[in-house]
Every structure is written in C-alpha cells, then in structure tokens.
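Engineer: need coordinates for the below:
(chains A and B)
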Amino acid sequence: MKVTSLTRRAAMGVVAAAALAVPASADVDMSGKTIEWTIPFSETGGSAKWANFFAPLLSEALPGNPTVVVKFMPGAGSTKGANWFQEQEGGDGTVMFGSSGSTQFPYLLGDPRVRYEYNDWEPVMASGTGGVAYLNAEAGAKFDGSANNLKDMTFIYGNQGATRLDLIPALAWEMLGMNVEHVLGIKGRGDGRKMFESGEATIDYQTSSGYLKGSAQLVEAGKAVPMMTWGSLNADGDIVRDPTFPDIPTFKEVCDATDGCETSGAQWNAWKAFFVAGFPSQKIAFLPKGTDPKIVETFSNAFAAIAARPDFAEISAKRLGKYPMYTGAGAAAALQVAITVDDDAKSYVTGWLKDEFGVELK
Amino acid sequence: MEIFVDALPALSSAWGQILQPMVLGYLVLGVCMGLTIGVFPGLGGIAGLSLLLPFMFGMDPVLGLALMIGMIAVVPTSDTFASVLMGIPGSSASQATVLDGFPMAKKGRAARALSAAFASSLFGGLVGAAFLTIFILVARPVVLLFKSPELLMVSIFGLSMVGILAGRIAIKGIVAAGLGLLVGTIGEGPFNGELRMSSYDYPYLTDGLKLVIVGLGIFAIPEIVALLRKDKAISDRQVIGGGWFDGIKDWWANKWLSMRCSLIGVVVGVIPGLGGSVVDWIAYGHTIQTSKDKENFGKGDVRGVIGPESSNNAKEGGGLVPTLLFGIPGSGSMAVFIGALALLGNGIDVGPSLLENNLDFTYSIVWLLALANVVGTVLCIALSGGIARLTNIRFALLAPFIFMIIAFAAFQSGQNLMDLVALFAIGFLGILMRRFDWSRPAFLIGFVLSTPVENYSNNANQIAGIRFRQGWDAGMDYLFSWITIALIVLTVVSVIVGLRQAKNIMAEGDVPSGGKRAPLVFLLAVIGFIGFALWNTSSIPDYAATDRVFPVFVASVSLAGALILLVQMMLKPETHTLFADGERSADAADNSFGLWPTLAWFAFLLGLTALAGFIIALAVFLVSFFRVRAGINWATTLILSGAGLAFIMAMAWVLNRDFPPGVLQSYFDLPWPFT
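Structural biologist: Now for the predicted structure:
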C-alpha cells in the first residue's frame, strides 16, 4: 500500500508540474492524478454505493488510469456538499461531485439554504432508479390493485423528512385517499424497513436496490405485499411499468383503479413532475463549472465506455437495478429533466407541504 | 430448529476458508494497518477502510474480508494506547478506559494497565465470537423485539450511568449530563431542521459538534494542559519493569468480571441504532456496582480497565448482527464495511438473505474477527512494555506531537478550520470542569446519548400517539413490553445504587475546596449557557414543535438543578465540597507554569493555522515550542520538528487527507501539503 501511495505521490508531482506546461488543446491524459469524487452524503447511503460502484470502473476507463477516490461530505441533507461544490471552479478533472434526488428537491422547492445552481455545472453521467411501495400482510390481503379497501385503515410510515424523496410516496398515498400517519425523522430507508419489519410501521417504500436487497425477502416470507412501483418513463415521457419489476403495477395503474384518484389535473401533474425530477435521473456526476470542454468530453467518453463493457449489464443490474445510464448529451438532457418542474407543480407541492406537514420554505 | 442443523457444516466450511496461508497473511496485513491507524485518536475504522476501498473491487471475497476485518477488529484494541498512556480517548469505544487507565499510567503502571486491557480485549473478542456463532441464528426475531420504546429505554439506561459517575455532589453530575445533552442538540433539529443554538451565518454549527472533537476536547486537552503545567513526565515515578505479566494476572483474577462485561458488550452491540457508543460506560458502571471495595476507582483501579476493555471488542462482534442481518450499520466503520462488501467478488449484499444463502460466509466474518483479535492482542502486548516507556519522557517533549495529532484528528471530522476552534472551546470547557470537579464522564455520556434519546423518544411518542388513538390497549401494549418494563426497573435500581456510591468514585481525584468566587463564576456561566439554550430553543415555532420539546425539557431540568446549586452555594461555607477547586490542591503548587501561558501555546497554533495553514503553522509551533518552552538546543529542536512534520505529512498522504488551510491559502495557490 505504502509503495503505491509513494509512487502515486511522486507521479502526481511530475504531472502537476507538467500540467502547467502542457497547452489545453493537448489530448487529455490523467495518469498519475487523483480524482476526488465528493458525495454529499454519509458512507451509508445509496449514493455512496453508487459512487463506490463506479469509482474503480472510472479509473479503468479514463486515459492514464488515474486514482479515483470517493470522499464523503454529509450535512444538511446534501445542501452543504452542493454549496461547497458550487465554489469549486475551473478544475482539471480532479474534482468531481455526485448529486442525488435529495439535492434536487430543495433546489426545486427554493429552499433558502440552497446556494448552488445546477445549470453552472457540467454533467458527465446520469443514472436513474425506481421505487417500490409495499404493505404489511394484513393490508396486503385487502389490496386488489386499487386502494379502495385501504381507505378505512390507518397506516404508519417512517418518513425521512417531508421535503426529502419521501415526498413521492407521501403524496402518492394521499392521492389514493389513504390515511397514512408519518413518523418523521427516520435516519435512512434501512431504518424504515426495520420499523416495518418489527411492526412499528405498517407501510414502507424502498428504492429499487433497497427493495431487491431486503424487502423482496419479506415478500417471499409473506410478511409484505408489494403495492406499486413509481414506474419508469418511456421515450414519450409516459409512465410505464418498471423493467426491474415488470409484475408490480405502477402507481398510475393503481391510481386509475382507485375511486377519487385522478391521473390528470394539478395534483397528478405535481406528483409526476417531482417523480420525474427525483427518480429517472436521480444520481448525476458533475465536473465543476468552467471545466475545460476537452476534459468534460473525456469523462463523458469514459462513462460511455463503462456502459459499453460487455459485463456491465450483469454487474450493474445486481448493484443498481436495471435502469438507463446517460452520458454526453444524454446526461445533459437528463439533467434538464431533473431540474425542471413547472411553477404550478412547485406551488402545489409547496402548499401541500405547508398544509400537511407545516413546513414553510421561507 | 433445522437452522441449527445447517450451522455445523457451515461453521466447518468457514474454518476451512479461513485457515489458508493466503487468508491469514491478508488478515495479519489488515491487523498491522489497523493497529497503526488505531493508535491515532480520531482516525478509526472509517479512515482505514476508506483507504482499502479502492482495492476491493472484484477482489476474492475471503481475502478482501480478511484484510478489512483485520483492520476493523483491532482499532478498539490499539486505541487503548492513547487512552491509557495519554488520557486521550482514542475512539468512542475507549472513553471509559481513560478513567482508571490513565491514573495507572501516572503511577508508573502503564504496562500493567495496557496488558490487562489487551488481555481483556482478547477475551472479550473471543467471547463475542462464540456467543455470536449461536446467537446469530436466532438473532433476527430478538432484534425485532427492540422497537422505539425499547431502544429509548436502552438509551436512558445508558444515561443512568451518569448516576454512578456523577461525583460527590449528585446535582452537579446531573447538570453536567444536562449540559452534554444540550451541547448534543446544537445544530439542525432532526425532524424539521429548525436551528438550535446556531445560525446559517455560521454554517459550522448547523451540523452539530462531532464526537471526536467533544471527546478529545473534554478529556484530552485538560490532561495535556495539566501535565504540561507540571513540566514532568506523565508517570510520577520510574516505570515498574515487567508490568505486562502483572496485567495478565490482574485479568485472570477478574475473569468473571471480564466475562460479564464481554456479554454486556456483545448484547448492547447487537441493538441497532446505539452504535455501541455507550457500551464502555455501561460496562464501567457495572464494574463499579459489582465491586466490593470501590474507593480506588478513578484513581487507578485495574478493574476499571478490565471492564470496559472486555466489552468494547465484544461489541464489534455484536455490531455485526444489525449490519449483516438488517443492513443497518451500527457505526460509521460498519457503514463503509457494507459498501466494501458490495465491491467484493461478484458483490455481496448484506441483509436478510445473507444468513440463509451465505451462512458459511457469515461465520467466516465472525471468526475472522475473533482471529484478528488474537493476532492484534499478541502484537499489542509485545509492544506495550516498550511503548509504556513513553510515560517516562519529559512531557514537554511529547506534548507538541500530541497537539499535532489531536489537531489533525479533529480536523478530519469536518475538514474545516472551525473544527480546531471547536476543539479549543470544548477543551477550555473541559479544563474548567476538571478544575471545579464537575463530572466530565457525565457530560460526555450526555453528549453521546443526546441524539438517540431525542430520536427514540420522538418516534416512540409519535407512534404511541397514533396507537392510543386506535385504543388504550394498543397504546399500552406498544409502550410497555416486558423488555421496556425490565429496563425501567434496571434503570431505577442503577440510578439509586449509583447515586449512593457516587461519593466514593472521584473521577477527578480528591479535589479540595476553598474560595467561593471561582466556582461561583463558573456556575453562573453554566447557568448563562443553559438559560440561553432554553430561551433559544423555546423560540422554535409551533409547526416544528418536535424540534423544540427535547432541548426545552433538558434545559428546564438542568436549569432547575443549577439554580439549586446556586442556592446551596449561597448557604454553605466555602470549605464545603461544593466549592471544589483544583487550583487549591497541593498538587497545583507543583505547577511550574500557569494555565493561561500553557493554553496560549495551543491558541498560538490555532491562530497561526488560521493565518498560514496547518503545515506552516505547525512547523513554526514545533520549533518555537521546543526552543522556548522545552528549552532544548537547536539541533534537537530541528530534528524533532522535522520528524514530526515528516510523520504527519506521510500520514496524511497515505490516508489521502488534506490539512486545514488559512488566510494565506485563499490568496495563493500553494502545492500540497501547504494547500
């Protein structure tokens, strides 16, 4: 270990000196550099998993095989790390950032703590995920593809925070007319699942990887019944079944089947807008503003090369689920999808958060 | 019961996988890295594992496991060095070890304390593994019994250890714990994100203070400053040779205590959400409560080392249960461990399926952990005699390096210059608490448990409210399970027994009284802070009431306690223990230096770092300290300073860490390490 570090150190010195002399138009060679990929969450979360999965692959795919290190900067639900990244400028490709749905939502909702601007940054890769909501056995027995029989029950849900990604399930259940009591302040979805398993909570949702890893087991054992996925977007922007869970109906289908739930109108549009922002392009890798276009392109190509690996489908399906990965122009488009929510949707959700949770985004 | 039938073949298959030369080689490599990192306070398993992560992708699972587990397992073993020799809690696992281990070092019995600690660690690790081998098969339903009310009661039981550590005046101990709880609530509220005692204008405080900083500040800095003022070696007499064998004999004489504490460690470690951060305190409390003669605790009783050290390695084994079975990491290092497992081979996902599909793999983890403990302990005992001699060196030659290391460690927690400021501020509080005989352990227990107590009480409260709306029985069933009731009884007994015995346990030694003014001023400052906390948190608006309840409650109770103290102070004569003041002791007459000049050295390092960045500041600090304060010649000064700088840079380079930048760095782009 020490030997590699020392060579790394020595090589870095040489390259640092060389970088000053080499003109920007030269072909990008990253050998000897250390890329620090900052994740604004703790080591526990899904984003950590995502970055740890890509880091060694990225190191292999970049010209010169630089060292890629994942660094964690948790705080204020990722706002701290994102504000920090906003201050990073220029960049020779050694600073990278990974954002998530929890970074997107406060930005969209106009949280006063947000001092970052997505449009300044250079996206090089985006990937999505899905989510599955499930019921306990008792409610599952009453579930018939619609929420009609669930309306007279009281559910308990471990919620990470009203303005977090949990906004999606909370709003969905509300639209279905279900009576869900939110226990706020859960530390992570893993804790939420444990609450469900121990019977403290009676309804739960997990992102795809969390569902595959833990909740599917509960379903097999008869302790949980899958209710719906959030679905996946097709080329026309319509919600269709999630390819990772083709047998589970989408929220759209359940909503259609449920009395009083509309798949059109302001409420539906708001839900869909936030779903689109939060899930199909949930995690995005960025280089800082003002990065040399050549370097941006190099990173984009490297991620494209990763996606083209013959074993990529296999290794990624296991860790991340079967979701699309975008690079280059695709990543830029995904970013626009992720950070665009029309004003109606925004004002609907802001009003709903205030009524339902008393949250004021001053 | 058929699960037990599978267990035996899985166990032998696991042993078959472990007992390969390659695997053992990787394990030893991991152990050596873990020992090296664990010696440094503040750099626990997270730093070490992050270092290994890049190598894990696609690695053979058993080899990767051996490397990682070797590293995790020995961190709570080797951090004992810092706790015993310097009074610095190396990590949350060895806070309680400081209380008796460090006084032993001061009496020249460092080697004995260390080897007793290591023998206990080894034993604890093995007991933990043996217990887990059986328990992991039935652990799942047991863990699920612990819902929010039960978890809350476990946290409160941990908090009840304050009773026995409260010191001679019980109310002082309670107010100290209240202070710790309040400091723990600083920052964004956990439920609605309302700010408590902080502001977005000073973003540092919004994330709250980190345990590393509070632990180092409250324990390490006061000890370092006190030692520096004396200008002698840590040990007040020559180190007694061959002490390591006595230590092992001490452990053997207390083997049943060690066994009980190991079981406490593994059981508390199993409970998810507490992260085992209270295990050592519970073990320490248990040790005192079950001992007949108590007057030596806090002054260097070896049982005070054996108890917590038996529990903290066993806890690592227990912590595997929530990690592997539920995918809920019990600690930061376990979180990184989960991430690393996913990178091994074809990717191993922890969670419910692990036990059913990979029982042999699970057993490999359990027993690799035990084996790593054995290897680590043997190495540590071999080293302890030599390292214990550090306590004979004149402290003025050690202190600058210790300042260097704790400043670096503190900075790692938030990568912010403010980390150093916070360390200094908490350190100052620690110095005053030490001087006026306020229980520092009580403060730290309060701080550590602040977050779990608040979270679980809130969850339990919310859910109970929903249940009670469904019906009285549903609510009562939820709140009062047999576990909760048992824990309540245990807590009440522990508080009563603890408070009765607390008078004998003087963590700060026998502090004399005299003079009313200084203790009164400190008390008024404490009241001022509590009053501010009360005023600040009660202004949180109603819609975010969940963020308000806990700090307001704690502040009210603490304020009441502090006001009672104030009234007592007015009524009692100045010779009463209420007016304990370390500066009045005979010991203090030995001090060759005053408090302020000594503190000024640390402030000097801090100020210079703010101006010129850590490395430049450190160079200036080391040279001037050795020359001016220690008064040694130029040649030695330069050699020592150079060695210190080279060491810290090598450390930072290997771990891929930065140093705190100063004003200078915002104007000039300097190359590493000056950045």
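
Engineer: quick check: mean pLDDT of the helix or strand containing residue B:52?
Structural biologist: Secondary structure assignment for residue B:52, by DSSP states H and E: helix B:45-56. Per-residue pLDDT over helix B:45-56 has a mean of 71.

Engineer: could you list the low-confidence segments of the stretch 51-200 of chain B?
Structural biologist: B:54, B:57-58, B:90-93 (pLDDT under 70).

Engineer: all helices of it, in order?
Structural biologist: For the stretch 51-200 of chain B, the helices defined by DSSP state H, counting those that start in this stretch cover B:61-86, B:95-106, B:110-144, B:148-160, B:162-165, B:170-184.

Engineer: for the ones you listed, give me TSV that also has distance to residue B:266 and mean neighbour count.
Structural biologist: For the C-beta atoms, the positions are set from N, CA and C on the backbone; glycine is no exception. Below are the helices of the stretch 51-200 of chain B laid out as TSV (distance: least, Cβ to Cβ, whole Å; neighbours: other Cβ atoms under 10 Å in any protein chain shown):
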stretch	distance to residue B:266	mean neighbour count
helix B:61-86	13	28
helix B:95-106	17	28
helix B:110-144	4	24
helix B:148-160	14	23
helix B:162-165	22	28
helix B:170-184	26	26
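
Engineer: wait, residue A:260 touches residue A:178, no?
Structural biologist: No: contact criterion Cβ atoms under 8 Å: residue A:260 and residue A:178 do not qualify, at 11.0 Å.

Engineer: just to revisit the earlier point, any idea which of the helices of the stretch 51-200 of chain B gets closest to residue A:303?
Structural biologist: Closest to residue A:303 of the helices of the stretch 51-200 of chain B is helix B:61-86 (Cβ to Cβ; 25.5 Å).

Engineer: is that closest one in proximity to chain A?
Structural biologist: No: Helix B:61-86 lies apart from chain A when judged by Cβ under 8 Å from any Cβ of the partner chain; the minimum separation is 10.1 Å.

Engineer: for the residue of chain B found nearest chain A, which non-adjacent residue is closest in space?
Structural biologist: Closest contact between chain B and chain A, by Cβ to the nearest Cβ, is at residue B:543 (3.2 Å). Distances taken as Cβ to Cβ, 6 or more residues apart in numbering or on different chains put residue A:358 closest to residue B:543, at 3.2 Å, once the chain neighbours are dropped.

Engineer: confidence score at that neighbour?
Structural biologist: 79.

Engineer: my read is that it contacts residue B:540, right?
Structural biologist: No: contact criterion Cβ under 8 Å: residue A:358 and residue B:540 do not qualify, at 12.0 Å.

Engineer: looking at the two, which is more packed in?
Structural biologist: It is residue B:540, of residue A:358 and residue B:540, that has more neighbours when counted by other Cβ atoms under 10 Å in any protein chain shown, with 20 against 14.

Engineer: need the contact list for the more buried one.
Structural biologist: B:189, B:194, B:196, B:547, B:548 (Cβ atoms under 8 Å, 6 or more residues apart in numbering or on different chains).

Engineer: I'd guess it is in a helix, am I close?
Structural biologist: No: read with DSSP: H, G, I helix; E, B strand; the rest coil, residue B:540 is coil and lies in no helix.

Engineer: how far does stretch A:75-91 sit from its chain's centre?
Structural biologist: Relative to the mean C-alpha coordinate of its chain, stretch A:75-91 is positioned 17 Å out (Cα atoms, centre = their mean, to the nearest Å).

Engineer: quick one: end-to-end distance for it.
Structural biologist: Its start and end residues considered, stretch A:75-91 measures 23 Å (Cα to Cα, to the nearest Å).

Engineer: which outside residues touch it?
Structural biologist: For stretch A:75-91, using Cβ under 8 Å, 6+ apart, the contacting residues are A:38-41, A:73-74, A:95, A:97, A:99-100, A:102-103, A:106-107, A:111, A:113-117, A:120-121, A:161, A:164, A:286-292, A:295, B:188, B:193, B:203, B:206-207.

Engineer: could you pull out the strands for the stretch 201-350 of chain B?
Structural biologist: Remark: no strands are assigned in the stretch 201-350 of chain B by DSSP state E, counting those that start in this stretch.

Engineer: what are the ranges of the helices in it?
Structural biologist: Under DSSP H, counting those that start in this stretch, the stretch 201-350 of chain B gives helices at B:203-206, B:211-215, B:221-230, B:243-253, B:255-270, B:279-289, B:303-321, B:332-343.

Engineer: what's the offset of the third one from the middle of its chain?
Structural biologist: Right, helix B:221-230. Counting by Cα atoms, centre = their mean, helix B:221-230 comes out at 20 Å from the chain centroid.

Engineer: what helices or strands is it leaning on?
Structural biologist: Packed against helix B:221-230, as judged by 3 or more Cβ pairs under 8 Å, 6 or more residues apart in numbering or on different chains; DSSP states H and E, are the following elements: helix B:395-414, helix B:417-435, helix B:595-612.

Engineer: now the helices of the stretch 201-350 of chain B as CSV including mean neighbour count and mean pLDDT?
Structural biologist: Converted to CSV, these look like this (neighbours: other Cβ atoms under 10 Å in any protein chain shown; pLDDT from 0 to 100):
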stretch, mean neighbour count, mean pLDDT
helix B:203-206, 19, 78
helix B:211-215, 25, 82
helix B:221-230, 22, 84
helix B:243-253, 19, 84
helix B:255-270, 24, 88
helix B:279-289, 27, 85
helix B:303-321, 33, 86
helix B:332-343, 24, 73
